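In: When you get a sec, could you give me coordinates for this:
(one chain, ligands or ions: 1)
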Amino acid sequence: MVFLSDAVSAFAAGVSPVGLRCEYLSNPTGIDETQPRLSWRVESTQRGQKQTAYRLLVASSAEKLQAGRGDLWDSGKVAGAETVNVPYVGKPLTSRQTAYWKVQAWDKDGRASAWSEPARWSMGLLRSSDWTAQWISFRDTAPLHTNRSTLFLPPARHYRKEFASAKTVRRATLSASALGICELHLNGQRVGDAWFEPGWADYRKRTYYRTHDVSGLMQRGANCVGAIVAEGWYSGYVGYGLLVGYGPNKVGRYFYGKTPALLAQLEIEYTDGSREVIGTDTTWQVSGDGPIREADLIMGESFDARRDDPGWCRPGGPDTRSRALAGWAWELAIRAEENGSTKAIFSDNCGSREVELGFQRPPRLQAYAAPPIRLTQELKAQKLTEPKPGVYVFDLGQNFAGVIRLKVRGTAGAKLRLRYGEMLHRDGRLMTENLRKARATDYYTLRGDAGGETWQPRFTYHGFQFVELTGLPEKPGLDAVTGLVLHNDTPLVSEFACSDEGMTRFWKNTQWTQRANFIEIPTDCPQRDERLGWMGDAQIYVRTASCNADVAAFFTKWLDDVEEAQRAFGAYPDYCPYPMGHGAPGQTWGTAWTDAGIICPYTIWQVYGDTRVIERHWASMTRFMDWRKKRAPDLRGRKDGNTWGDWLNVKENTPLEFIDAAYFKLDAQWMSEMARAIGRQAEAAHYDQLQARIADQCARDYLAAEAALKVHTQTAHVLTLAFGLAPEARKKSIAADLVERIAQNDFRMATGFLGTKPLLPVLTASGQHDLAVRLFQSRKFPSWGYEVEQGANSVWERWDSFTKEHGFEGAEGNQNASMNSFSHYAFGAVMEWAFRDLAGIDTDGPGFRRLRIKPGPPAPGSNPDRAPIAWVKAEYASVHGKILSQWKRSAERFELHLVLPANTSATVFLPARDRTTIREAGRDLSAVPGVKFLRMEGDRAVLDVESGAYQFESTAGP
Ligand code: BGC
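Out: Numbering: from 1, shown residues only. Got it, this is the predicted structure:
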C-alpha cells in the first residue's frame, strides 16, 4: 500500500534511496551480526542534492513492511546525511529470523522521498545450541600418508539422506559447514551457486557455515538432501605447505586434520506452523565410490564419468532406479569423532612437534561474511595448437583463475589428461616449471555418450591461460574447452582508460589479476604451490583492490582470519590463515608483512568509512603494537623475523632495520588516527607521541647533517617521504635527491614491493608529477609498460617474468623460472595512484563523503620518451555512488567532465591559469550553481563543488 503522503512527497523530493545493502551485501541470508549495518545510496538528478534525514523501517514480514509497520525497528526521522553502515538497533534479532526493510530520505529542502524498494536479510544460527545436527564422516581406514614422493589424493565423498515431507512448506533453510569443502544438493539439484563452501578458517578454532534458502527445491512427499565433500584446505594439500608437514618426508597436507567431516541442518517450516529438522547424523549414507576419484584444490580433480549418476541425490533408495545408487557401495555415516585420533609429527621452520590429527569439534561456527566464490565469466578458447601429435593446447586468451568446462566425444573408458599453464614455451609446449609442486592436472574418463559429454571440476582451481589436453584419438574442436572464471564475487566498481593504450591495458591486467587472487583470501598467486594470504602483498595492494572492486565484505571476512592467525606474542604471521605453527612460537612474521594487520583495517576504514572494523580488531591491533613497542624500546628498527624486505627490488637493497623503523612509525600514526575515529582519545594521544618519537629517532639515525639520507636507495627516500620520517624542512632536499637518483638510474625504478607502491604518490606530492607520469608510462625495464610490451595480460610477479628476448630467463638472462608467477598483483599497486593522482578521484577524509578531485594531467612535452598522457576517463562507484572524472589536456586547454554523486561534495583542484579562464558549460564561474571559487593554489583553481554533473573548461599551464 502506498500512502498518499509518500506519493506526493515522492513527486517533489530531490533524492531517492536506492542500492540497499546489509553488511555490504544485497539481501544476505544467514548472517550472524546481531547489529547488522544498513547502507543505501541517494540518487538525484539535481545539483547539490543531499540527504538531510532518513527513516528506516524494519519489519518481521514483507506484509508488515508494506503496510508501513516497522515492528522490529522504526528509527523515526533521524536528521543527518548518514547512508553508510547505519547500525540496526531495533528489537534483538534471533536465529533464523528474516528482517524486511526499507528506507526513506529527506532532501536538502526537507522533502521526503518515497520509500525505497524493500530489501531483506536473514539471521543464521546464532547459538551453538541451534545446531542439533552432528558432525559426520566416513570410516577412514587409510593410513596417514607420509611419503612426499607420491601424492595421496582420495576421492570426494557423497553423503545423502532421504526423508519425507508431507505438508506444504512455507520455508526451508539449509545451513551447513564442513571440515573440508562441500557442495550441497537437494532433490538432484545443486544448492546455490557458491564454490568451495564453507570457506577456510583455522578449523581448530572456528569454521565458517553458510545458509541457503532451499524452499524452492523442496518436494511434497519423498525428498533427498546431500553433499559432496572434498579435502579442501582442511586435509588436502595446501600450497606453501608442500615444503613442510607430517612424517619424515614432511608431506604438505593434513594441516588441520586427517579426515573431512560434514555438518548440515535442513530446517523446514510448514504452513501449519510446525517445524522439522533433518540434520546430519548416523542415519545418513556415505559413499566414496562416486565419479570424483581425486579432488584437491591445488593438485587437481579426476573424474570417472562411467561412475557418474545425477540420481545420487534423488529420492529412491540405494538399490533402485539409478545406476550409481545400485553401483556405489553406500554405508552409514559415522560420527566424526569415531575415526579416533592419529598422532603425527609435524615439522616446519618452527621445529617438530607431535600433533593430534583426530576430529576436533570446531569451537565456533561463524557465518561467512564475504560474497561467495562464484563463476563470473566464461572464456571461449581463442586458438588450438598441436605442438606434438595428440597434444592439444587451447589458448583461452587471458590469464585467469578458475577451471574449464570440457565438452568432448569419445569411447567409454578413455582417460583424458588436462594440464594447465600460464605461458607456452617457444615450441608451443605448456610452460609448467613455475607451478613447482602444484600438479595442477585434471583427469577425465569418458562415459562414451554418443552425443558427447560435458564436465567441469568442482573442488579444484588453477591459475592459467593455456590448457593442454591429451588422450583424445583425434583433434577436438575449439569449443572442447571453455574457461570458467572463479573468484569471490566482489562487484567491480571502476573503469579506467587513458590516451596511453598500454597503460589502459595495464589497468585491465590489475583487474584480472585481482580477480584471480581474490579466491577465499587475498592470495599471492593462484598457480604455483603457494596461494597463501601473504600479508605483504595484501597490504601493498589493498587500496588498489578497493579501486577495482567493492572489497569491503571480502576484507571484513579476511581480517577475522588475520586476527585469528595472530601469534600469541603479538605479531601477525607472514600469511593468514596460518595453517602451520600449531601453536609453536617461531619467527613466522616479517616486517611490512606483519604490518598488514594495521594497514588493511585502516584502509577499509578510509575507503568505506567503516569504523566497526577498527573497533572489532582494536584489541588485536593493540596487542600487535605492544609487541612492536616491546621489541624496540629504543624505537629503532630491527632485523629479525623473516627478512623479505623490499622484496624483488632491482639491485637496490634497503636495510631491513630502516624498513622496520619506517613501518613502526606508520603503524603508530595510523593507530592514532584510528583511535581518534572510534573515540579513544587517550590512546590517540599516546600513538601520536609514539609516532613522533619514532620519527625523531629515524631522523637521528638516518639523516646526515648535510641534507642527504644515509641510506642510498630509492625505496629509503620514498618511505622517508611517504611515512613522514623526516622533518618538514628536510623533505624538499630528500625529494630532490630521490629525483636525482631516478635520473641517474636512467629514469628507471629500482624499487621492490615496498618502495614501488608509494613511489609515484610521493613524486606527485613532492611536485614531481610529470616524472611520476613518465615512470608510469615508461617501457624500459623495469616498468609496468615493459611488462605490457612483453605481452602481459595480467600483472607479473617480476617485471621481466617473460621477455621476448630471453623468454623466462628475465631481462638479463639469469632468472629462475620457478619463482615466476604471471598472476601476482603486488606491483599492480600503482593503480591506486592512477585513480587518485592521475584521474584525480580521491576521498578527503574517510568514506568518500567529501571528495578531493585533483586531475593530474602531465605538462605537454614533459616526457622525452613518449607523448605524455593527454586524457583520462575514470569512473569509480564509491559507497555514495558513481564518480566520474574525464579530462583532456591539449596545449593550453583543459577540459573536465565531472560527476559527483548526490550527498557528496568536493574540493576540486582545476588546472587553470587564473579564475577568469574557467567556464562551466560555457558560463563564467560566478553564474554556476553548485560551484564556489575558493582560491588559486599555484596552477590550480581550488573550487568547492556540490554534487552533480559538470563540464569545466579552462586555460591551463603556467
Ligand atoms: C610470495 C610473495 C610473498 C613472498 C614473501 C613469495 O613466494 O609469492 O608474493 O610476499 O613469498 O617474500
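In: buried residues in the helix or strand hosting residue 741?
Out: Element membership for residue 741 (DSSP states H and E) is helix 728-744. Buried residues in helix 728-744, counted by 16 or more other C-beta atoms under 10 Å: 730, 731, 734, 735, 737, 738, 739, 741, 742. Yep, even glycine has a C-beta here, placed from its N, CA and C like the rest.
In: How many residues are close by the nearest residue to residue 168 once chain neighbours are set aside?
Out: Once flanking residues are discounted, residue 168 sits nearest to residue 271: 4.5 Å by C-beta to C-beta, 6 or more residues apart in numbering. The number of residues packed near residue 271 is 10, by other C-beta atoms under 10 Å.
In: Next, work out how far apart residue 271 and the ligand are.
Out: Distance of residue 271 to the ligand, computed by C-beta to the nearest ligand atom, to the nearest Å: 55 Å.
In: for that residue, what are its contacts?
Out: 167, 168, 169, 170 (C-beta atoms under 8 Å, 6 or more residues apart in numbering).
In: Check residue 748 too.
Out: 650, 742, 778, 780, 781, 782, 783.
In: Kindly recompute the last result at 6 Å.
Out: Contact partners of residue 748, counting by C-beta atoms under 6 Å, 6 or more residues apart in numbering, are residue 780.
In: same question, the one 4 residues further on
Out: Residue 752 is in contact with 646, 647, 648, 649, counting by C-beta under 6 Å, 6+ apart.
In: The last one: what secondary structure?
Out: I take that to be residue 649. Three-state call for residue 649 (DSSP: H, G, I helix; E, B strand; the rest coil): coil.
In: returning to that earlier point: between the buried residues of helix 728-744, which sits nearest residue 37?
Out: For those, the residue nearest residue 37 by C-beta to C-beta is residue 731; the value is 39.3 Å.
In: how close does that closest one sit to residue 926?
Out: To residue 926, residue 731 is 37 Å away according to C-beta to C-beta, to the nearest Å.
In: Tell me if I'm right that residue 544 and residue 831 touch.
Out: Yes - when contacts are counted by C-beta atoms under 6 Å, residue 544 is listed as touching residue 831 (4.5 Å).
In: which one of those two has more residues nearby?
Out: In this comparison of residue 544 against residue 831, neighbours counted by other C-beta under 10 Å, the higher total goes to residue 831 at 29 against 25.
In: Just the residues contacting the helix or strand containing the more buried one, thanks.
Out: Secondary structure assigned from DSSP H and E places residue 831 in helix 830-833. Residues from elsewhere that reach helix 830-833, judged by C-beta under 6 Å, 6+ apart: 507, 510, 543, 544, 547, 760, 761.
In: ok, the residue of the stretch 601-750 of the chain found nearest the ligand to residue 281 distance?
Out: The minimum distance from the stretch 601-750 of the chain to the ligand, using C-beta to the nearest ligand atom, falls at residue 644 (3.6 Å). Shown here: residue 644 relative to residue 281, a distance of 48 Å by C-beta to C-beta.
In: who's more crowded, the two?
Out: Neighbour count, other C-beta under 10 Å: between residue 644 and residue 281, residue 644 has more, with 20 against 15.
In: Spell out which residues sit in contact with that one, please.
Out: Contacts of residue 644 by C-beta under 6 Å, 6+ apart are residue 590.
In: and it, which of the three is it?
Out: Strictly by three-state DSSP, residue 644 counts as coil.
In: From residue 573, how far out is it?
Out: Here the distance between residue 644 and residue 573 works out to 13 Å (C-beta to C-beta).
In: next one: residue 676
Out: 28 Å.
In: Counting neighbours, go ahead and name the busier of those two.
Out: Summary of the neighbour comparison: residue 676 and residue 573, criterion other C-beta under 10 Å, with residue 573 having more neighbours (26 against 15).
In: Over to residue 695. Which of the three states is it?
Out: Under three-state DSSP, residue 695 comes out as helix.
In: follow-up on the earlier one: please indicate which of the contacts of residue 271 are buried?
Out: For these, buried by 16+ other C-beta under 10 Å: residue 169.
In: show me where the stretch 801-950 of the chain has strands.
Out: Secondary structure of the stretch 801-950 of the chain by DSSP state E, counting those that start in this stretch: the strands cover 841-843, 850-853, 871-878, 881-889, 893-911, 919-920, 923-924, 931-937, 940-955.
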